[in-house]
Structures are given as structure tokens and as C-alpha cells.
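Visitor: My questions are about this predicted structure, shown below with the sequence.
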Amino acid sequence: MSKDIHFKKAVSASLNNLTAEDLKPIALAVWHEDYTPNIGDLSLEEKRKAGYLLDRLMRFSCVADWRKRELVKLVKQLRDATVEYFTDKPLSEEKLAAKWNLSEDVAEALQELLPYQTRHYAHN
């Protein structure tokens, strides 16, 4: 399955229902393959989820500084495209999800992916 299909499937689903196995191909692609998702055909809700997911993934130490700068631009683009639809009331207790005006998050599922985020992980 292509990376864009994995990404689209993740952002079109409930983030609370995503498992580590659902997120693993996306995380590995962002962390180790310089993957940048195609966001052109996403709905507003999917753009918020995409922004949140990329915002979360780019914060790991295995992401090179130059790559973070690329992702920051994309995250800013997603934020700008969706910010007018945000509410004033935080919808989630998880701070980053609340920043993206989401009531769901992937914090628990990402915990299982920590072994893959190290700069020393040998990704093929």
C-alpha cells in the first residue's frame, strides 16, 4: 500500500481508533524516508488531523533539522487552511490535539513506536 494511501486512511479515520500498526508506516516514512504527504484532496477535518499528526511526528529527535523546517512549512499551511474553523473551547486534554481543535489523539498508539524513532534505528 502506498504511503499516501496509508496517510489518507489514517486522517480519514478516528484518531482514537488508530493502532501502532496503522501509524507505523506513516511514522517510518516521515522519520526515515523524507515522506511528505499529498494534502491536496483532504477535507477540512482531514487537514486538521493531518496537521496534528505531522506536528506530532516532526517533534521526535530522529527528524533532521532541515526536515523539520520542511514539515513546519507544511504544518503551517495546514493550520492556516483550517484555523478559521476552530472553536475557542479546547476539545481534548492532550495539548497538541487541543491546539488542532481535535477531540481525539494518537498519543497512546505512538508510545509503541518509540523504538523506531531513534536516529540509530536501521530502517531499510
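Guide: Sure thing, it's come through.
Visitor: How much space separates E70 from K76?
Guide: The gap separating E70 from K76 is 11 Å, by Cβ to Cβ, to the nearest Å. All C-beta spots, glycine's among them, are computed from the backbone N, C-alpha and C.
Visitor: which residue is nearest the middle of the protein?
Guide: Note on the chain: the residue nearest the mean C-alpha position is L53, at 1.5 Å, using Cα atoms, centre = their mean.
Visitor: For the helix or strand encompassing that residue, list every residue counted as buried.
Guide: Using DSSP states H and E, L53 sits in helix 44-57. Of all the residues in helix 44-57, those buried under the rule 16 or more other Cβ atoms under 10 Å are E46, K47, R48, K49, A50, G51, Y52, L53, L54, D55, R56, L57.
Visitor: The following helix or strand past that helix packs against which elements?
Guide: Moving toward the C-terminus from helix 44-57, the next helix or strand (DSSP H and E) is helix 65-82. Packing partners of helix 65-82 (3 or more Cβ pairs under 8 Å, 6 or more residues apart in numbering; DSSP states H and E): helix 44-57.
Visitor: any idea of the mean pLDDT for the helix it packs on?
Guide: Helix 44-57 carries an average pLDDT of 96.
Visitor: Ok, stretch 8-20 next?
Guide: If you average the pLDDT over stretch 8-20, you get 96.
Visitor: okay, it in CSV with CA atoms only?
Guide: Extracted C-alpha coordinates of stretch 8-20, given in CSV (Å, rounded to 0.1, in the frame of the first residue of the first chain):
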residue,chain,number,x,y,z
LYS,A,8,-5.2,9.2,3.8
LYS,A,9,-6.7,6.2,5.6
ALA,A,10,-5.3,7.4,8.9
VAL,A,11,-6.5,11.0,8.7
SER,A,12,-10.0,9.9,7.5
ALA,A,13,-10.4,7.6,10.5
SER,A,14,-11.0,8.3,14.1
LEU,A,15,-7.5,9.1,15.6
ASN,A,16,-8.5,7.4,18.8
ASN,A,17,-9.0,4.1,16.9
LEU,A,18,-5.7,4.1,15.2
THR,A,19,-3.2,1.4,16.3
ALA,A,20,0.5,1.5,16.3
